[in-house]
Structure formats: C-alpha cells, structure tokens
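>>> one predicted model, sequence on top.
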Amino acid sequence: MSAIHIDKVVTSGTFSLDGGTWDVDNNVWVVGDDAECVVIDAAHDAAAINEAVGSRRLTHILCTHGHDDHIDAVADLSSLYPDAKVLIHDGDRMLWDRVISDPPDGALTDGQRIPVGGSQLKVLHTPGHSPGACCFLLEDADVLFSGDTLFQGGPGATGRSFSDFGTIIESIRERLLTLPAETVIHTGHGDDTTIGAEAPHLQEWIDRGH
C-alpha cells in the first residue's frame, strides 16, 4: 500500500494573456508521503502552498504549463525551498519568460519519471492548451494531474495564443483516454473527474469544436 497522499490547495488570483485579465481559482496539488513531496502548479499564493508542504522536504516544483496563473508563485515558493527543482516543458518557455526572469532548473520530457515518496509521477506531454502542456500520472494509484488539458466536461480552452483545438483533442484521445477508466483526474481548475466519465464525450467535444 502506497504511503503517498495528495493535498489540494485552492488559490485565487488572475490569468492574463492576449491583453485580457480574468479572475481565477487554481488547484495546486501537493503529492508525497510524510517525508517528502512535490508541488504541481505553484499558483498565486506561496504561503498557502508552503503550509500544505509543512515540515516535508520539497523536491520538485512541477509546472503543467506556462500560463501565468499556474506559475506566478514559483519564484516565491522556490525562494523558500532552494533545493527544490523547478521543471517545465521547453515548449512553454516563451510563456515562462513572460512571467519569471530566471530560467527553470530543468525541462520536463515525455515519459520522464519524477520520484516522490517511494512512487513516481510519469510525465505525459499533452500539447494543445499550450505547446508544452504536460500531465502527471501517478501510475500505481491510477491518478492523473491534468493541468488545463482535460476538465470535468471537456478539454481545456484553445481560443488564445499558442493553443490549438485539434492538437488538444489528439493529446486527449491518444494520451489520456487510453488510461484505465477508473483513473481519477485532478484538474487545474474546478472539480475532479475520471477517465471513464469523460471518454464517452469525445465526439461531442469534437462536434462542439471549442
């Protein structure tokens, strides 16, 4: 039985792109055991995330993608945990560079495995919402952290710069809907869902074309 547990921190702030700004609530995921953990998407509030980390060793700050609402607390959180490695896919460096002046510590790559608490998070490159968008699969628990690639009710938005609807549909079809139906999806915003709940609706999303 895995000792891994998952903590959800909901933080509030703004998302800005293409000249617009919107108020958003983000899901920040802290994944680990009692000794160490990783943070998925350091959004808005480093203090709240730090409280969830607690006394554990933070090994990685992982970014599902480079939109500012998902990385705007990275610098503050990283200053609290200088040994934690900040990783983002190279495809989103142009988004990262708009928000953070220092480079990340490394690049996420498809198939890479991030160790945490005796388990592993597998990196799935799922472009579409952004070119470097990634999901993280906790394989031994059938849990997926989907960022903004897949939500309860459909794919992430593709109406702004650097996004593409056809690409996100291909990513979801080929990389996510092939996972076991019982896989729980922890999203970047909003409520959880499962692969089994979303898979039957793929054609509806394609027909809707949003």
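Received it, and whenever you're ready, just let me know what you need.
>>> so where's the chain uncertain?
Scanning the chain for pLDDT under 70 picks out the ranges 1-2, 210.
>>> change it to 90
1-3, 139, 208-210 (pLDDT under 90).
>>> can you pull out the strands in it?
For the chain, strands defined by DSSP state E occupy the ranges 5-17, 20-32, 36-40, 57-62, 85-89, 106-108, 113-116, 119-125, 134-138, 143-147, 150-151, 154-155, 184-187, 193-194.
>>> the residue nearest to Asp105 when sequence neighbours are not counted pairs with what?
Excluding the flanking residues, the one nearest Asp105 by CB to CB, 6 or more residues apart in numbering is Lys85, at 4.3 Å. The C-beta positions use only the backbone N, C-alpha and C, and glycine is treated the same way. In this entry, Lys85 is beta-bridged to His60, by DSSP bridges.
>>> how many other residues sit next to Lys85?
16 (other CB atoms under 10 Å).
>>> how far away is it from Cys134?
Using CB to CB, to the nearest Å, Lys85 is found at 15 Å from Cys134.
>>> equivalent analysis for Asp69, please.
As defined by CB to CB, Asp69 lies at a distance of 16 Å from Cys134.
>>> between the two, who's got more neighbours?
Neighbours per residue, other CB under 10 Å: of Asp69 and Cys134, the larger number sits with Cys134, 30 against 25.
>>> circling back to that earlier point, I'd like the strands of the chain as TSV, with distance to Ile172 appended.
Formatted as TSV, those follow (distance: least, CB to CB, whole Å):
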stretch	distance to Ile172
strand 5-17	21
strand 20-32	18
strand 36-40	19
strand 57-62	20
strand 85-89	17
strand 106-108	18
strand 113-116	22
strand 119-125	11
strand 134-138	10
strand 143-147	9
strand 150-151	6
strand 154-155	6
strand 184-187	11
strand 193-194	12
